[in-house]
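Peer 1: pasting the sequence and the predicted model now:
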Amino acid sequence: RHETIIILMILFLLAIEALFIFKPMIKRILEAFGSFQQANEQLEQEVSKRKQAIETLQKTSDILKQEVKEHNKNKERLVEERKKLDDIVNDLHAGLAMVDMNMNIVWVNALMEKWYGPHEKKIGTKCYQVYSGINKICEDCLLEKSFKKGEIVHASKTELTKNGRERSLSITSMPVKNKEGKIIHGLLLIQDVTDKIRLEKKLARAESLAMVGEIAAGVAHEIRNPLESIVSASSLLSSENPNITREDHAKLTDVVKSESQRLNKLLTDFLDFTRPKEPKLNINNINELIEEVLSFSKYGEILNDGIRLRKNLDPAMTAIPIDGDMIKQVLWNIILNALQAMEKGGDLSIDSKLCEETIEVCITDSGPGVSKKEMEKLFVPFYTKRKGGTGLGLSIANRIINAHNGSIKVERTRKQGLKFTITLPKS
């Protein structure tokens with residue numbers, strides 16, 4: 001028992017001594033272990049960061065791959081759309097040229113190259129040098145006007161081709177603006193209208209010949225009836241028929257006179273139609289001309305008691321350069337046409353209106369009106385449904401208004417009547 005205690009004490013003393021001997025070593029071991037543990041944690045953190053970075057790079061790579069894929073798709077679509085646009089532009093049957101603000105050619109389509117030769121060396125060259133063969137801006141340059149006004153401008157031009165053939169061109173210049181609305185380019189659209197003009201002239205000649213035929217037929221028809229009456233009455237007057245009384249003789253003489261007057265009116269109207277006079281322009285107020293015609297109609301007993309007249313003349317109406325006598329003839333012809341359509345009475349409305357660049361006169365009646373097919377023939381010479389009419393009144397009116405660079409429009413009203421609208425330019 002005592003031996004055991006001694007042994008334990010010896011062991012305890014040895015342990016204390018070992019502790020003092022190995023203490024620095026243990027301390028260094030513990031410090032090394034701590035450093036190792038700290039380095040291990042830092043390494044784990046760095047590995048974690050690297051893993052996160054790798055994952056981020058992977059995601060970024062995937063996104064970039066997707067974006068590249070989308071970009072390639074968009075590029076393919078853009079190429080397809082560009083091809084479609086080129087096909088459309090080249091199928092327009094019109095030459096297109098883009099020009100910058102310094103008149104340098106930027107781009108052209110295939111037709112422009114066909115007309116004026118390859119443009120590879122002409123891009124960046126002044127447009128007037130390439131298309132007009134001069135070294136300064138063209139007089140009345142459309143591009144210059146388009147740049148200054150900021151709007152589309154049109155013009156016509158005739159030029160000689162390389163083969164010496166005359167070519168008629170319709171030219172349109174339009175400004176091209178950026179997002180800020182600033183003009184950066186001008187686009188020229190050039191159309192070869194040579195064949196179109198040739199066809200229009202051919203059609204006009206054909207229509208003219210057709211019109212001559214219709215007029216000849218109309219004149220023959222209109223002259224035949226009064227001539228037959230005159231011939232018949234003259235034959236009876238020259239005969240020695242004892243049954244013809246003095247009263248019959250007077251009636252036959254009146255027939256010859258009235259039919260002769262009818263022939264004279266027909267020939268006068270015909271000459272007015274076939275030999276139109278140039279308008280003698282003077283400053284006239286359309287309201288005053290309307291009042292004069294209505295006054296003449298009233299005293300000429302054309303405006304009978306069954307006609308209800310309504311006037312609405314614009315008090316702001318200004319005087320414009322027109323041929324007063326010719327316009328009064330137009331007003332008279334249309335008003336007379338309206339009154340003759342209302343034999344049993346009705347409403348006649350006359351309105352005038354001052355517009356921004358024109359003046360308008362509307363003459364409306366409440367007559368029986370006409371069918372759509374008949375309305376298309378109202379201005380055709382010798383077309384009339386009225387007995388004794390020449391069918392030239394509205395044709396003459398239309399020609400006079402056209403000579404004033406105006407227009408006449410006719411339409412049916414809700415009450416079956418007709419509405420004539422005369423439009424004349426203010427200057």
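Peer 2: Received, thanks. The model shown is predicted, which means the values in this text are computed figures rather than measured ones. Numbering: from 1, shown residues only.
Peer 1: what residue lies at the spatial centre of this protein?
Peer 2: Ranked by distance to the mean C-alpha position of the chain (C-alpha atoms, centre = their mean), the top residue is Ile152 at 11.4 Å.
Peer 1: ok, that residue touching Val176?
Peer 2: No - the pair Ile152 / Val176 is not scored as a contact, 11.2 Å apart, by C-beta atoms under 8 Å. Using the backbone N, CA and C atoms, a C-beta is placed for each residue, glycine as well.
Peer 1: can you give me the helices in the protein?
Peer 2: 2-90, 110-116, 127-131, 142-149, 194-238, 246-274, 286-299, 324-341, 372-375, 393-403 (DSSP state H).
Peer 1: do you know which of the ones you listed lies nearest Ser349?
Peer 2: helix 324-341 (9.4 Å; C-beta to C-beta).
Peer 1: hey, C-alpha coordinates of the closest one in CSV?
Peer 2: Taking Å, rounded to 0.1, in the frame of the first residue of the first chain, the C-alpha atoms of helix 324-341 are listed here in CSV:
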residue,chain,number,x,y,z
GLY,A,324,-67.5,88.4,-113.7
ASP,A,325,-69.6,87.8,-116.8
MET,A,326,-68.5,84.2,-117.2
ILE,A,327,-69.2,83.4,-113.5
LYS,A,328,-72.6,85.0,-113.8
GLN,A,329,-73.3,82.8,-116.8
VAL,A,330,-72.3,79.7,-114.7
LEU,A,331,-74.5,80.8,-111.8
TRP,A,332,-77.4,81.5,-114.2
ASN,A,333,-77.0,78.1,-115.9
ILE,A,334,-77.0,76.2,-112.6
ILE,A,335,-79.8,78.3,-111.0
LEU,A,336,-81.9,77.9,-114.2
ASN,A,337,-81.3,74.2,-114.2
ALA,A,338,-82.5,74.0,-110.6
LEU,A,339,-85.6,76.1,-111.3
GLN,A,340,-86.6,74.1,-114.3
ALA,A,341,-86.3,70.9,-112.2
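Peer 1: circling back to that earlier point, between the helices of the chain, which one is closest to Asn163.
Peer 2: The nearest among those, by C-beta to C-beta, is helix 110-116 at 11.5 Å.
Peer 1: lowest average confidence, helix or strand, in the protein?
Peer 2: One helix or strand of the chain scores below all others by mean pLDDT, DSSP states H and E: helix 194-238, with a mean of 70.
Peer 1: distance of Asp192 from Ser170?
Peer 2: 8 Å (C-beta to C-beta, to the nearest Å).
Peer 1: check Ala316 too.
Peer 2: In terms of C-beta to C-beta, Ala316 sits 38 Å off from Ser170.
Peer 1: contacting residues for the residue nearest to the centre of the chain?
Peer 2: Ser146, Thr172, Ser173, Met174, Pro175 (C-beta atoms under 8 Å, 6 or more residues apart in numbering).
Peer 1: again, only this time at 7 Å
Peer 2: Applying C-beta atoms under 7 Å, 6 or more residues apart in numbering to Ile152 gives the contacts Ser146, Thr172, Met174.
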